[in-house]
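Participant: Let me see the structure of the following:
(chains A and B)
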There are 2 protein chains.
Amino acid sequence: MGKGITSRAEDYSAWYNELVIKADLAENSDVRGCMVIKPYGFAIWEKMKAELDRMFKETGHVNAYFPLFIPKSYLSKEADHVEGFAKECAVVTHYRLKTSESGGVIVDPEAKLEEELIIRPTSETIIWNTYKKWIQSYRDLPILINQWANVVRWEMRTRLFLRTAEFLWQEGHTAHATKEEAIEETEKMLDVYAEFAEQFMAMKVQKGRKTESERFAGALDTYCIEALMQDGKALQAGTSHFLGQNFAKAFDVQYASKEGKQEYVWASSWGVSTRLMGALIMSHSDDQGLVLPPKLAPIQVAIVPIYKGEEQLQKIAEVANKIADKLKEQGISVKFDDRDTHKPGFKFAEYELKGVPVRLALGQRDLENGTIEIARRDTLTKESCDQADVVSKVVALMKEIQDNLLNKSQGFQQTNSHHCDDYEEFKSLINKEGGFIYAHWDGTSETEEKIKNETKATIRCIPLEGSLEEGKCIYSGKPSKQRVIFAKAY
Amino acid sequence: MGKGITSRAEDYSAWYNELVIKADLAENSDVRGCMVIKPYGFAIWEKMKAELDRMFKETGHVNAYFPLFIPKSYLSKEADHVEGFAKECAVVTHYRLKTSESGGVIVDPEAKLEEELIIRPTSETIIWNTYKKWIQSYRDLPILINQWANVVRWEMRTRLFLRTAEFLWQEGHTAHATKEEAIEETEKMLDVYAEFAEQFMAMKVQKGRKTESERFAGALDTYCIEALMQDGKALQAGTSHFLGQNFAKAFDVQYASKEGKQEYVWASSWGVSTRLMGALIMSHSDDQGLVLPPKLAPIQVAIVPIYKGEEQLQKIAEVANKIADKLKEQGISVKFDDRDTHKPGFKFAEYELKGVPVRLALGQRDLENGTIEIARRDTLTKESCDQADVVSKVVALMKEIQDNLLNKSQGFQQTNSHHCDDYEEFKSLINKEGGFIYAHWDGTSETEEKIKNETKATIRCIPLEGSLEEGKCIYSGKPSKQRVIFAKAY
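Facilitator: Numbers count the residues shown, from 1 in each chain, chains lettered A, B, ... in the order given. The predicted structure is shown next:
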């Protein structure tokens, strides 16, 4: 605290790293690539979780829990899947330690597992191995299950929230009788993610489908939501996969249809993770620190007393506590900060750093005038207000700030989205301004890869929305039926 | 479904295993010792979690998240701790798979970790390694953190919920400036557990302290709550540990006191796990299936229509849905089961098996008379009731059933608690009746172990409540100041 953070203009990457640490969100642990999510960061994640969980349940899903461990042979059953995850697997090989003759503790060589266990990087294989036992007939379908869990992918270059070896997420795994139902589910959950991103995170996203080379390992189709960060880079914020019958075939999961025929089951899977924390931070925050949308802020209002001496504090506390109680009755979370160890200026900076949406300040003069100062974190503006009006004003501000952040995010995305039909201009845009570049592409992985190698831009998605338009590939000049979104990405 | 379960009298152990499976609570996965918690079982666990989490927060705790992996050297830093956990550790040794020349997937020998990682069996070491960075001064204390997580202990003989290689739990880890504060915290959290067990699980528990030989590895004192199952065996349902300065010393965590002296920090840790599911099941359930206390039942009321033909069903559904809506307004979770694939008798048996506290049945005759049938799961009694009274009646029943289950549990424990001063009688009691045996003990581990070897009874705890009483050890005849509780245990 106290010392500011690097500005975004100066060094965006340093700004992000410092902000995560200084706002007490998370830190690197001593275990390579694994983070500690600190209480303030975790409180935000808990709010995200609660809303997502409610949305999943409202769309008919139930929670369950499957093992952390996946036998190596299961992971190998779906060829693309193992290909996609083999290079980043944490592998358990032994189940016991023992005291070595030289004194320390060593892995007991006699306690070697017959088959190695992989720490789940995702749970399709262990879950479909289980579904095989649960599904016999069409009456057993659909299965609409979600799991909140930790997963491990041994990433070499890690970054707090954005890319860590262990992360927290939810993974939905559904089983359906028909292809249409499974696709409908895949699309429905993408809509849930988009709604969550926009209505709770106040983060505008583009919905789309991934190209073949960016698909989930084992999926026939991967849908995604893509958000644009303030540095002009894209961030994939959630994915929903249509898995076809790939896992049903790999684990031989068939059901008897109404007509009595044996059919393979159709599947979807979908997930969002603690990566959303990174997206949230980079969407709204500024050089003063974190900016949180009210719906996800653990503390929505902080009240800071400005006083000299115990007597003044007591009088201020009386008024402040009444206001706090009334705000709490409105379902608003309030913290009255009467710590005598820190000065008001320090507290102001702290709540700015931590992204508290509204700060109230109450001093001796306010008591005399029946006023109170209201400061908005999103606009950094202040105004004086009658104490009689403060509750209704703050209630209104919760909505106003939430809306304003979404509007800003929408505006930012709009301003930084470019239609481009010239490859030289494309390269210049990507390198200088970033943003979403809507360009024509010939549909081949070869072109996609060449563009990536030359510019570092990848196809973020083939957008679901927006009008179709014929054109020529920006790279090869071959015909294209639709613009796709290119960007550099996290 | 359909087929009944083995009775408790016939084979208690088989009864439990069958009940867990048939009530759709959990099943064994194909991964040795790891369970799949099925949606219905997980919904009960979610209710437990929500209440415990609320209670933790009300007592000033916050949630956070620490890494799944513990470097082997960390685990080794506290001597008793590593001794206690070394024999049941899942060890990660590699971080990559690769395609073998013969075609399959193998562990890449070149991706060997420099230091092996242990899957956390409990998180004291990784957390105290982190607290070292967070604690400099008395102003940084206390730290009151809880974590909801999965942990792994490589148990050789596993049983659904009661003992599994991977299980879900919460672990509180607190840091304090003084010994007194840490002990106060340890005792406070034991009280929270006891209150949860009695007020939500409707399960009477005894609070006590463990003997030295039963203490948590690394603790100076372990407090516990012990419950008595219907077969006369005890089950440890939660533990709270006073860790002294053991972990602070192992990880060199010191703070500057108000007087400017460097002092080691004092610690507590406390946890309950999915084992509570086993305790809940075995406390109340009967030969018809699960019995759930209303406060933890995912479905509190099931409404079953008894009808012939679509027209009757429609009329019944109209009344049933109105009742359901009114019950929901009272915060009661209701399921109206209008499946036409199953007969009423099947549904009755299903809700009995699944422990739904209240079942309502509504038929043509009821429509004519304005009545409805109410069945209680706890007493298996039925009565007819005016439709006009059913909502208030059901609301009252929620409390009545909850209270009745706790009363039964208290009565059962009382009936099966024996004071015993004669070792021959003790052996006979333990072998024939089981239960809690309050007996004098000379305080030595030798005597404790001899009794264990001869009778399989262990000292469950040294009770915190009840009057002190001098006496002679039931085994050695040496002086004793207090009776302790012996029992066979899960």
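
Participant: and the residue nearest to the spatial centre of chain A, what element?
Facilitator: Nearest to the mean C-alpha position of chain A, counting by CA atoms, centre = their mean, stands A:Leu276 at 1.5 Å. In this assignment (DSSP states H and E), A:Leu276 forms part of helix A:275-284.

Participant: Which of the three states applies to the residue of the stretch 201-350 of chain A found nearest chain B?
Facilitator: Nearest residue of the stretch 201-350 of chain A to chain B, counting by CB to the nearest CB: A:Thr341, 7.2 Å away. C-beta: built from backbone N, CA, C; applies to glycine. Recorded secondary structure, A:Thr341: coil (DSSP: H, G, I helix; E, B strand; the rest coil).

Participant: before we move on, the earlier item: please name the residues that touch the residue nearest to the centre of chain A.
Facilitator: Counting by CB atoms under 8 Å, 6 or more residues apart in numbering or on different chains, A:Leu276 touches A:48, A:197, A:201, A:237-238.

Participant: Just the ones in strands from the residues you listed, please.
Facilitator: A:237-238 (DSSP state E).

Participant: now the strands: where do they sit in the stretch 201-350 of chain A?
Facilitator: A:205-209, A:221-228, A:234-244, A:254-256, A:262-264, A:266-273, A:301-306, A:334-336 (DSSP state E, counting those that start in this stretch).

Participant: The first one versus strand A:221-228: what angle between them?
Facilitator: Read it as strand A:205-209. Going by axes from the mean of the first three to the mean of the last three CA atoms, to 10 degrees, strand A:205-209 is angled at 160 degrees with respect to strand A:221-228.

Participant: try the third one
Facilitator: With the same axes, to 10 degrees as the criterion, the two stretches strand A:234-244 and strand A:221-228 enclose an angle of 170 degrees.

Participant: Just want to check the distance between A:Val358 and chain B.
Facilitator: 22 Å (CB to the nearest CB, to the nearest Å).

Participant: Run a quick neighbour tally on that residue.
Facilitator: 26 (other CB atoms under 10 Å in any protein chain shown).

Participant: how about the nearest residue to it once chain neighbours are set aside, what does it touch?
Facilitator: Residue nearest to A:Val358 in three dimensions, not counting chain neighbours: A:Val301, with 4.7 Å by CB to CB, 6 or more residues apart in numbering or on different chains. A:Val301 makes contacts with A:324, A:327, A:332-335, A:356-360, A:394, as judged by CB under 8 Å, 6+ apart.

Participant: Try it again at 7 Å.
Facilitator: By CB atoms under 7 Å, 6 or more residues apart in numbering or on different chains, A:Val301 lies in contact with A:327, A:332, A:334, A:358, A:360, A:394.

Participant: who does it bridge with?
Facilitator: Taking DSSP bridges as the rule, A:Val301 bridges to A:Val334, A:Val358.

Participant: Run through chain A and note the low-pLDDT ranges.
Facilitator: Residues of chain A meeting the criterion pLDDT under 70: A:1-3.

Participant: How is it partitioned into domains?
Facilitator: Per automatic domain parsing, the structural domains of chain A span A:12-67+A:125-284, A:299-397, A:417-487.

Participant: Quick one: closest of these to B:Lys427.
Facilitator: Distance to B:Lys427, taken as CB to CB, is lowest for domain A:12-67+A:125-284 among the domains of chain A, at 41.2 Å.

Participant: Tell me the gap between the closest one and the middle of its chain.
Facilitator: A distance of 9 Å separates the centroid of the chain from that of domain A:12-67+A:125-284, by CA atoms, centre = their mean, to the nearest Å.

Participant: ok, now stretch A:74-90?
Facilitator: The answer for stretch A:74-90 is 24 Å, by CA atoms, centre = their mean.

Participant: residue with max distance from the center of chain A?
Facilitator: A:Glu101 (48.0 Å).

Participant: what's the spacing between that residue and chain B?
Facilitator: Distance from A:Glu101 to chain B, by CB to the nearest CB: 15 Å.

Participant: before we move on, the earlier item: just the CA coordinates for the helix holding A:Leu276, please, in PDB.
Facilitator: Output of helix A:275-284 as PDB, limited to C-alpha atoms (Å, rounded to 0.1, in the frame of the first residue of the first chain):
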ATOM      1  CA  ARG A 275      -9.000 -16.900 -15.700                       C
ATOM      2  CA  LEU A 276     -12.200 -14.900 -15.500                       C
ATOM      3  CA  MET A 277     -10.600 -13.000 -12.600                       C
ATOM      4  CA  GLY A 278      -7.900 -11.900 -15.000                       C
ATOM      5  CA  ALA A 279     -10.500 -10.800 -17.600                       C
ATOM      6  CA  LEU A 280     -12.400  -8.900 -14.900                       C
ATOM      7  CA  ILE A 281      -9.300  -7.100 -13.700                       C
ATOM      8  CA  MET A 282      -8.100  -6.100 -17.200                       C
ATOM      9  CA  SER A 283     -11.500  -5.000 -18.400                       C
ATOM     10  CA  HIS A 284     -12.200  -2.200 -16.000                       C
END
